[in-house]
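In: fold the following and give me the result.
(one chain, ligands or ions: 1)
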Amino acid sequence: MPQPEPLPPRSAATEPRALVDAHGLSIALGGRTILDHVDMTVSRGEIVTVIGPNGAGKSTLVKILLGLLKPDAGSVGRAPGLTVGYVPQRFPLENLVPLTVERLITMTVRAGRAAVTAALEETGIPHLRDADAAGLSGGEFQRALIARALLRDPDLLVLDEPVQGVDFTGETKLYRLIGEIRDRRGCGVVLISHDLHVVMAESDRVICLNGHVCCEGVPETIRTDPEFMRLFGPAAARHLAIYPHAHDHDHGHDHEHEHGERAAS
Ligand SMILES: Nc1ncnc2c1ncn2[C@@H]1O[C@H](COP(=O)(O)OP(=O)(O)OP(=O)(O)O)[C@@H](O)[C@H]1O
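Out: As a prediction, the model looks like this:
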């Protein structure tokens, strides 16, 4: 398979670092505090993983960062002319008429044939260009959505639960793909996950969110952070795996994780 042309390597000297820089974000929805004084910065070339249980406010945080939702308090700074590629958590395919992968990824962005080819090659699915989007596997569908986001040539790629509906092998490959995209393009990446058992190894920073930022750090330090253990329990800390890596340890009772499809949230 032909490899896409690599972009020039990242240069620490030439780039403004922060793509988004949020301070003191608070918001209440339906009379309930969802986010409470949350700070978050994402820089060019950085992968930031946000993990937290269902309902922790991860999607709400992303919507505020992207300017889709206004916080009750706090501020969000964005790099001038920031372009965002967003891979949403849910994509209501069932409401659409049958459509090819090419149509799916070009529905909301103008892109020429060569750009579509490049995006599909970059995400490893050039052979699926004319396939029916409804027939794709979970992993293929996520790749198509990533290709769709890449067509915008984003400075910041935001992926909300990108491994949902993807089996273990596909999950590892997807994480690898995301790391390669960051390396090649030098874009910032925000990765949202409700899976407290898994953190992508290439993450430069992990933010554990549960209404507030309970802890933050490089993947290896998160599992030993007392706040992580206090909030998510020693079992979550014990089983937190840094992916991709050799799958040579025990995941305890997490059999769903090792075999078969995983439920979409
Ligand atoms: N418009 C709204 N009105 C009232 N409550 C809302 C609204 N939007 C979100 N919420 C609530 O805010 C909380 C956080 O939602 P959010 O989708 O940000 O969580 P999440 O961490 O992304 O969860 P998940 O992992 O399940 O996707 C949830 O309890 C949700 O029900």
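In: for the rest of this, base every contact and every neighbour count on C-alpha atoms.
Out: Will do.
In: gap between G138 and the ligand?
Out: To the ligand, G138 is 17 Å away according to C-alpha to the nearest ligand atom, to the nearest Å.
In: residues touching that residue, list them.
Out: Counting by C-alpha atoms under 8 Å, 6 or more residues apart in numbering, G138 touches 164-166.
In: ditto for V38
Out: Contacts of V38 (C-alpha under 8 Å, 6+ apart): 22-26, 212-213.
In: which SSE is it in?
Out: strand 32-43 (DSSP states H and E).
In: now the farthest one out in the chain, which residue is it?
Out: In the chain, counting by C-alpha atoms, centre = their mean, G31 sits farthest out from the average C-alpha position, at 28.3 Å.
In: just the pLDDT at A18, thanks.
Out: What the model reports for A18 is a pLDDT of 93.
In: beta-bridge partners for it, please?
Out: Beta-bridge pairing of A18 under DSSP bridges involves S43.
In: surely S193 touches N54?
Out: No - the pair S193 and N54 does not pass the contact test of C-alpha atoms under 8 Å, sitting 9.1 Å apart.
In: who has more neighbours out of these two?
Out: Under the criterion of other C-alpha atoms under 10 Å, the comparison of S193 against N54 puts S193 first, with 26 against 13.
In: contacting residues for the more buried one?
Out: 49-52, 160-162.
In: with the residues you listed in mind, which one is nearest to the ligand?
Out: In terms of C-alpha to the nearest ligand atom, no member of the contacts of S193 lies closer to the ligand than G52, at 6.2 Å.
In: and for that closest one, the neighbour number?
Out: 24.
In: okay, it: pLDDT?
Out: At G52, pLDDT is 88.
In: so who does it touch?
Out: G52 neighbours (C-alpha under 8 Å, 6+ apart): 58, 193-196, 208-210.
In: got it, and L145?
Out: 87, 105.
In: between the contacts of G52, which is closest to P98?
Out: Using C-alpha to C-alpha, S193 comes nearest to P98 of those, at 29.3 Å.
In: who does the closest one form a beta bridge with?
Out: Where S193 sits in a bridge, its partners, by DSSP bridges, are I51.
In: how close does it get to R176?
Out: In this view, S193 and R176 are 16 Å apart by C-alpha to C-alpha, to the nearest Å.
In: from N54, how far out is the residue of the stretch 151-265 of the chain found nearest the ligand?
Out: Using C-alpha to the nearest ligand atom, the single residue of the stretch 151-265 of the chain nearest to the ligand is H194, 4.6 Å away. Per C-alpha to C-alpha, H194 is found 6 Å from N54.
In: and P234, that one's in a helix?
Out: Yes - assessed with DSSP: H, G, I helix; E, B strand; the rest coil, P234 lies in a helix.
In: got the residues of the stretch 151-265 of the chain near the ligand?
Out: Taking C-alpha under 6 Å from any ligand atom as the measure of proximity, the stretch 151-265 of the chain contacts the ligand at H194.
In: the strands in the stretch 151-265 of the chain, which residues?
Out: Shown for the stretch 151-265 of the chain, the strands assigned by DSSP state E, counting those that start in this stretch span residues 156-160, 188-193, 198-200, 205-209, 213-217, 241-243.
In: make JSON lines out of the ones you listed and add mean pLDDT.
Out: Output for the strands of the stretch 151-265 of the chain, formatted as JSON lines (pLDDT from 0 to 100):
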{"stretch": "strand 156-160", "mean pLDDT": "95"}
{"stretch": "strand 188-193", "mean pLDDT": "93"}
{"stretch": "strand 198-200", "mean pLDDT": "72"}
{"stretch": "strand 205-209", "mean pLDDT": "92"}
{"stretch": "strand 213-217", "mean pLDDT": "89"}
{"stretch": "strand 241-243", "mean pLDDT": "66"}
